[in-house]
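In: sequence unknown, structure follows:
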């Protein structure tokens, strides 16, 4: 792509060679992650198994192929003889595992879907007036496999000084807002990579969600935070924004809010205190809909999403294994849902749902399960029905991971991962059709599709927002996907069995994030780069590479940073 570049805050465009620097940085980050993983004994043994398996597969199927290339349609050596690997990924066993054992990444070998969009044919249809609606040409491209497989990094939007936990396009897609651990909200003209304004959210802790209200002029922004508040910001006469009032207050963190397009003044919020509020920004007090309970226990909530076609219906998810659906017209204070769904084999497992969202017309809902996969349910089926699709390969363990649909008719499922990659699955076949490095610090939390065109915004532990556009000239090679999926499954297995791998990995990632924050803070202040990490009984400092003086040990209180945890 000739126009890959990063713009600064003034809108000036840097050299296209910037993209090479970005790619090299991401490659170095991947290498660092590999080196950190090799310090763990279990991961070393796992890597040896993967290499020997891939070598055997390459020698058998394609002697000239590289070590990490994927031979679609072939079966790896770790699949048990006679295991089913159909287009749906194979039926799950009674315990939910795929045929071939708990570490078999069968998703790698699901055949890719075939292309159904061809540019010459589509242009010819448009010329002869074969489309019923003027937007059909754009929407058909947006929902095509071609658009997804051509996604590549276009911009890095840099302004925040902490993890970016929230991103949201306005209804027309011309503006993007972001919220961060620095408690600021940034408003972007994402098309040129320019930050238009920033303002203080008014929160006393990490911003977890920010949304435009679907009103004329994009003058209303609603935010929620770890401090439990839901706040409203209004546009000022000079084009900036100012946080005006607190709309509601949860007794614990408020992770998510959801707007209602048919009722643009109404917002729903869900908090870790198990409360769900219905907030009309024109009124002084919020309406508490219910406490969400399972038996006598209150359920901490992580997400809430309104059905786009039925404004009275919404789904919530939280610290148990159910996705619950409610109707505001028939809700009661006890929190009894209209219906609830979970994979039947997960009844006895201590997993929970970090995020649940409806598809474009509310007929399907997907949920991302902590230390497990992503599952799709048919909302027309009765309560308790099993999942209809399962999406594997990523890892959801360290943070409150988001999940979303991509395409005007929800043709694809997109999610971040603890490995720092973005995964995109074909909704019907469950095959991974795109896989991109999305975060240098290793965790992708937020994924926001553009409402009109095939553009994707993502954020995670990095302090920037990345914009992905379908401009790549070649189909993705997916080199390294097989190994990464195997590592993700191995780490999940080790975590489930109490291995030290996940703990060590979490500490290393925390240390890297603290080092990153301290380095950028000192660079802004023009001071030497030191970072002090409190440990049990001692603390130590790491000097800047350019500082010839040695770092002396000192006692200090431990620092902490939280990114949607």
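Out: Cool, got the structure. These numbers come from a predicted model, not from an experiment.
In: Tell me where this protein has helices.
Out: Secondary structure of the chain, counting by DSSP state H: helices at 17-38, 41-61, 119-127, 136-142, 145-149, 481-496, 500-525.
In: helices or strands next to the shortest one in the packing?
Out: With contacts defined as 3 or more Cβ pairs under 8 Å, 6 or more residues apart in numbering; DSSP states H and E, the secondary structure elements packing on helix 145-149 are strand 432-437, strand 464-470. Where C-beta positions appear, they are placed from N, C-alpha and C, glycine not excepted.
In: Which one of those lies nearest to residue 343?
Out: For the helices and strands packed on helix 145-149, distance to residue 343 was read as Cβ to Cβ. The smallest value, 19.9 Å, belongs to strand 432-437.
In: Indicate each strand paired with the closest one and its parallel or antiparallel sense.
Out: Next to strand 432-437 in the sheet, as set by DSSP bridges, lie strand 421-426 (antiparallel).
In: Show residues contacting the strand it pairs with.
Out: Contacts with strand 421-426, where a contact means Cβ atoms under 8 Å, 6 or more residues apart in numbering, come from 112-113, 145, 148, 151, 374, 391, 393-394, 406, 411-417, 431-438, 444, 447, 456, 458, 468, 484.
In: 7 Å - rerun?
Out: Around strand 421-426, the neighbours that count as contacts under Cβ atoms under 7 Å, 6 or more residues apart in numbering are 113, 148, 391, 393-394, 406, 412-417, 431-438, 444, 458, 484.
In: in that strand, what counts as buried?
Out: The neighbour-count criterion (16 or more other Cβ atoms under 10 Å) identifies 421-426 as the buried residues of strand 421-426.
In: and if you look at stretch 196-210?
Out: In stretch 196-210, the ones that count as buried by 16+ other Cβ under 10 Å are 196, 198-199, 201-203, 206-210.
In: ok, the residues you listed vs residue 276, which is closest?
Out: The shortest approach to residue 276 among the buried residues of stretch 196-210 belongs to residue 209, at 14.4 Å (Cβ to Cβ).
In: from what I can see that closest one touches residue 166, true?
Out: Yes - between residue 209 and residue 166 there is a contact under Cβ atoms under 7 Å: 4.7 Å.
In: Spit out the residues that contact those two alike.
Out: Residues touching both residue 209 and residue 166 (Cβ under 7 Å, 6+ apart): residue 179.
In: Sort the buried residues of strand 421-426 by pLDDT and name the bottom one.
Out: Sorting those by confidence puts residue 421 at the bottom, with a pLDDT of 93.
In: For beta bridges, what are the partners of that one?
Out: For residue 421, the beta-bridge assignment (DSSP bridges) gives partners residue 437.
In: how near is it to residue 165?
Out: With the distance defined as Cβ to Cβ, to the nearest Å, residue 421 ends up 19 Å from residue 165.
In: same question, residue 384
Out: 33 Å.
In: How about residue 402?
Out: Taken as Cβ to Cβ, the spacing of residue 402 relative to residue 165 amounts to 10 Å.
In: Find the residues that touch each one of those two.
Out: Contacts common to residue 402 and residue 165, judged by Cβ under 7 Å, 6+ apart, are 445-446.
In: what about residue 384 and residue 165, which has more around it?
Out: Neighbours were counted for residue 384 and for residue 165 using other Cβ atoms under 10 Å; residue 165 has more, 29 against 11.
In: Looking at the more buried one now. What's its pLDDT?
Out: 94.
In: do residue 445 as well
Out: For residue 445, the model assigns a pLDDT of 89.
In: is it true that it touches residue 417?
Out: No - taking contacts as Cβ under 7 Å, residue 445 lies outside contact range of residue 417: 9.9 Å.
In: more crowded one of the two?
Out: Taking neighbours as other Cβ under 10 Å, residue 445 and residue 417 compare with residue 445 leading, 30 against 26.
In: Roughly how far does that one sit from residue 126?
Out: Residue 445 is 38 Å from residue 126, where distance means Cβ to Cβ.
In: ok, residue 440 to residue 490 distance?
Out: 23 Å.
In: want to throw the buried residues of stretch 196-210 into a markdown table with pLDDT and distance to residue 473?
Out: Listed next are the buried residues of stretch 196-210 as a markdown table, based on pLDDT from 0 to 100; distance: Cβ to Cβ, whole Å:
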| residue | pLDDT | distance to residue 473 |
| --- | --- | --- |
| 196 | 96 | 32 |
| 198 | 95 | 36 |
| 199 | 96 | 40 |
| 201 | 95 | 40 |
| 202 | 94 | 45 |
| 203 | 95 | 43 |
| 206 | 94 | 39 |
| 207 | 96 | 37 |
| 208 | 96 | 38 |
| 209 | 96 | 36 |
| 210 | 97 | 35 |
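In: Dump these to TSV, plus distance to residue 451.
Out: Conversion of the buried residues of stretch 196-210 to TSV gives the following (distance: Cβ to Cβ, whole Å):
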residue	distance to residue 451
196	19
198	23
199	23
201	23
202	27
203	26
206	26
207	22
208	22
209	17
210	16
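In: Narrow those to those in strands?
Out: Where the buried residues of stretch 196-210 overlap with strands, as defined by DSSP state E, the overlap consists of 196, 198-199, 207-210.
In: Among the residues you listed, which one sits closest to residue 337?
Out: Nearest to residue 337 among those is residue 209, at 22.2 Å by Cβ to Cβ.
In: So residue 281 sits against residue 232, correct?
Out: Yes - distance between residue 281 and residue 232: 5.6 Å, which falls inside the contact criterion (Cβ under 7 Å).
In: Common neighbours of the two, please.
Out: Common neighbours of residue 281 and residue 232 (criterion: Cβ under 7 Å, 6+ apart): 220, 247.
In: That'll do, ta.
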